[in-house]
Structures are given as C-alpha cells and as structure tokens.
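Participant: Here's my sequence, what's the structure:
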Amino acid sequence: MTDTVVVIYSGGMDSFTLLHKARADGLNVHALSFNYGQRHVRELDCAQEVCQQLGIPHKVIDIRAMSDVMAGSALTSETIDVPEGDYQEGAMKSTVVPNRNMILLALATGYAVTVEASAVWFGAHGGDHAIYPDCRPEFVEKMDAVCKVANYQTVAVEAPFMHFTKGDILALGLQLNLDYSHTWTCYNGRSKACGRCGSCVERLQAFAEHQQQDPVAYEVQY
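Facilitator: Numbering: from 1, shown residues only. Take a look at the predicted model:
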C-alpha cells in the first residue's frame with residue numbers, strides 16, 4: 001500500500017471536494033480528467049485551473065474516439081435536450097452515458113498502476129443512486145473486487161462519498177473553506193449555469209440547505 005491515490009476529477013462540485021479531502025487526509029494526489037465529448041466540457045477548464053493552482057499532477061485523457069460506443073445520452077448529444085427538474089424524475093435517465101464509470105475506472109486503474117497508487121477515488125454519492133447504476137454501492141463493490149485482481153499491483157476502487165448527500169459533501173467543503181466558484185456542475189456548457197437541470201437543482205438545494213450563496217452565476221435560480 002502507498003499513500004498515493006488517483007482522483008477522477010471532473011471539475012465539478014463533488015470531485016472538487018473529493019480532491020481536497022484527499023489532500024486534507026495527507027495523501028499524494030494525482031488528478032485524472034476525461035474528455036468524453038460532454039457538452040459541459042468547460043468543467044475540464046475548471047479542473048485544469050485548480051490543479052495548476054494546487055500544484056497537483058493532472059492529466060486530461062481524450063476518449064472522444066469512443067463516442068460511438070457511449071452514445072445516446074443528453075450529456076454527449078446535441079440532438080437530445082438536457083432534461084430539467086429533480087434527479088428523482090424519470091426523464092433524468094437520458095443523462096446516463098452508457099458504461100461511463102466502468103470505462104473511466106478501468107483507465108484510471110491503469111494509471112494508478114503506472115504511478116504506483118494504491119487506490120482510485122471517484123465522487124459517486126447517495127444522490128446519484130436513483131438514476132445512475134454505475135454510481136450505486138453494488139457497482140463500486142464489484143469494480144473494487146475486479147481492480148484488486150486485474151494487475152500484479154492491487155488497486156482499490158473507492159467512493160468516499162457513497163453514502164453522502166449533496167448537502168453532506170458541501171458541509172465537508174465548507175469545513176475545508178473551499179471556494180466553489182472554481183467548479184462547474186451544470187450539464188449545459190453555456191456561459192452561465194442553467195439552474196434548471198438536475199445537476200444544478202441538486203447543487204442549489206445543497207447551498208440553500210446550508211443557508212449559503214452559490215458563487216457560480218446562474219441563468220435562473222428557484
């Protein structure tokens with residue numbers, strides 16, 4: 001075991017908090033981001049800026065060549081509208097990217113072996129369970145088991161926020177004095193966050209829960 005971890009860092013609120021948690025825990029962090037053709041690709045700009053400021057090794061892997069086998073999601077197709085509303089609504093299933101986390105975790109595990117990291121961390125949390133099968137405990141447990149035997153070097157797959165709500169994640173970030181203006185959560189990639197998609201709604205609810213003002217600019221806020 002080593003004190004090095006690979007954090008899958010999208011540039012969003014959850015992975016931003018996770019990145020800082022790893023640092024606060026005294027771990028040696030390597031950040032790994034992916035361009036899979038997401039319409040909210042501006043999150044990668046946030047990720048790059050944060051890692052530069054913190055002096056964290058950061059790689060962005062372009063896997064857009066795989067778009068044909070990860071198609072049919074509102075997050076990657078301009079012909080499918082990003083649904084609005086709460087994550088509990090069935091329409092949010094259109095934001096599922098086929099097999100995304102299995103693909104990203106497999107690549108991150110390879111990188112973990114390369115940098116001799118003992119684990120891969122990613123930001124799945126309790127609010128994701130209703131919509132995303134690849135963010136549920138049973139998925140993480142099985143990926144962890146597979147990645148521990150896939151190489152000569154054991155690599156664990158861990159989701160430290162698995163049983164956190166978005167509000168819990170924000171509470172941790174507030175304890176760490178994090179500045180969330182350096183994140184992008186909206187599923188749309190416009191100049192302002194839309195305030196209507198499930199990702200925005202959940203984020204705004206978390207800030208309201210803690211009587212805090214989200215520093216990100218929104219088109220609308222409910």
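
Participant: Can you list the buried residues in the longest helix seen in the chain?
Facilitator: Longest helix in the chain by number of residues (criterion: DSSP state H): helix 100-114. By neighbour count, with 16 or more other Cβ atoms under 10 Å as the criterion, the buried positions of helix 100-114 are 100-101, 103-109, 111-113. To be clear about C-beta, it is placed using only N, CA and C from the backbone, and glycine gets the same treatment.

Participant: What's the per-residue pLDDT of the residue of the chain most remote from its centre here?
Facilitator: Here the centre of the chain is the reference, and by Cα atoms, centre = their mean the most remote residue is Tyr152, at 27.5 Å. Per-residue pLDDT puts Tyr152 at 96.

Participant: Val120 versus that one, what's the distance?
Facilitator: Distance, Tyr152 to Val120, by Cβ to Cβ, to the nearest Å: 16 Å.

Participant: same thing with Tyr180?
Facilitator: Taken as Cβ to Cβ, the spacing of Tyr180 relative to Val120 amounts to 24 Å.

Participant: just Asp144 next, same as before
Facilitator: Using Cβ to Cβ, one obtains 9 Å as the distance from Asp144 to Val120.

Participant: which residues do those two both contact?
Facilitator: With contacts taken as Cβ atoms under 8 Å, 6 or more residues apart in numbering, Asp144 and Val120 have 156-158 as neighbours in common.

Participant: Which of those residues sits closest to Leu18?
Facilitator: For the shared contacts of Asp144 and Val120, the minimum distance to Leu18 (Cβ to Cβ) is 9.9 Å, reached by Glu158.

Participant: List the buried residues of stretch 13-29.
Facilitator: 13-22, 27, 29.

Participant: could you give the mean pLDDT of that stretch?
Facilitator: If you average the per-residue pLDDT over stretch 13-29, you get 98.

Participant: Other residues contacting that stretch?
Facilitator: Here stretch 13-29 has contacts from 2-9, 31, 46-47, 50, 54, 56-57, 121-123, 125, 160-161, 166, 169-170, 172-173, 176, 178, 180, 182-183, 185, 203, using Cβ under 8 Å, 6+ apart.

Participant: from those, which ones fall inside helices?
Facilitator: Among the contacts of stretch 13-29, the residues falling in helices (DSSP H) are 46-47, 50, 54, 166, 169-170, 172-173, 203.

Participant: Show the buried residues in those residues.
Facilitator: Of all those considered here, the ones buried according to neighbour count by 16+ other Cβ under 10 Å are 46-47, 50, 166, 169-170, 172-173, 203.
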